[in-house]
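Trainee: Next come a sequence and a model predicted from it.
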Amino acid sequence: MQQSASQLSYKLLTGRTDLKPLRILATRELSWQDWQVSLHVLGMSHAIALRHGTRRVTELLTCSIVEPDRKPRLAMQADPGGEMCAAIGGLICRVRLQPIHLNDGDELEGSYGLAERLEVAFERVTNGVTPVTRIGWQIREGALEVETVHSYPEEGRGVRSWSRFEPAEEQE
């Protein structure tokens, strides 16, 4: 499938999410608080899967339709972008999406060490520019912060995302 920045759609899902229909190109696993986190590059998109016991939260930024019968807790188009927040699965999840012009570059804005980065470049080259998906993360002030860049050189643009996950007050 030919992907486009204008087709990228953000979804935040609760419960188990089957990523097998998507093409997972690279994965990084980490522990944060009591959560197990998997960061995935999916083609020219990404997924972040968070697990804590039976709790599951999945962030998707993709052109693909994933589990179309499930209603996401948060959903927005990457173009025009925007900001949203929700409490889900014991977490407060905040996200911001921003379309970008590749003339301004496609590097991550945050400062991430080599162990806090996941990047995949794709074969197609347009005007000497290779499409890339970049993910950077850090744990700051008890929260997991993730920045991504998805570039589409054939369109001269891309999408940048920032996500922040922090523990919510337990309600029982």
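Mentor: Alright, I've got the coordinates.
Trainee: going forward, measure contacts between C-alpha atoms and count neighbours the same way
Mentor: Noted.
Trainee: pLDDT below threshold where in the chain?
Mentor: The model of the chain has pLDDT under 70 over residues 1-2, 67-68, 125-126, 170-172.
Trainee: Tell me which residues touch Arg134, please.
Mentor: Contacts for Arg134 (CA atoms under 8 Å, 6 or more residues apart in numbering) come out as Glu107, Leu108, Arg117, Leu118, Glu119, Val120, Thr148, Val149, His150.
Trainee: so what's it closest to, chain neighbours aside?
Mentor: Residue nearest to Arg134 in three dimensions, not counting chain neighbours: Glu119, with 4.4 Å by CA to CA, 6 or more residues apart in numbering.
Trainee: separation between the one you found and Met76?
Mentor: Using CA to CA, to the nearest Å, one gets 24 Å for the distance from Glu119 to Met76.
Trainee: Between those two, tell me which one has more neighbours.
Mentor: Neighbours were counted for Glu119 and for Met76 using other CA atoms under 10 Å; Met76 has more, 20 against 16.
Trainee: who's in contact with that one?
Mentor: Neighbour list for Met76: Ser9, Tyr10, Lys11, Gly82 [criterion: CA under 8 Å, 6+ apart].
Trainee: and the residues you listed as a markdown table, adding secondary structure and distance to Gln98?
Mentor: Formatted as a markdown table, the contacts of Met76 follow (DSSP: H, G, I helix; E, B strand; the rest coil; distance: CA to CA, whole Å):
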| residue | secondary structure | distance to Gln98 |
| --- | --- | --- |
| Ser9 | strand | 12 |
| Tyr10 | strand | 12 |
| Lys11 | strand | 15 |
| Gly82 | strand | 7 |
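Trainee: among the residues you listed, who's most crowded?
Mentor: That'd be Tyr10 among the contacts of Met76, by other CA under 10 Å, with 25 neighbours.
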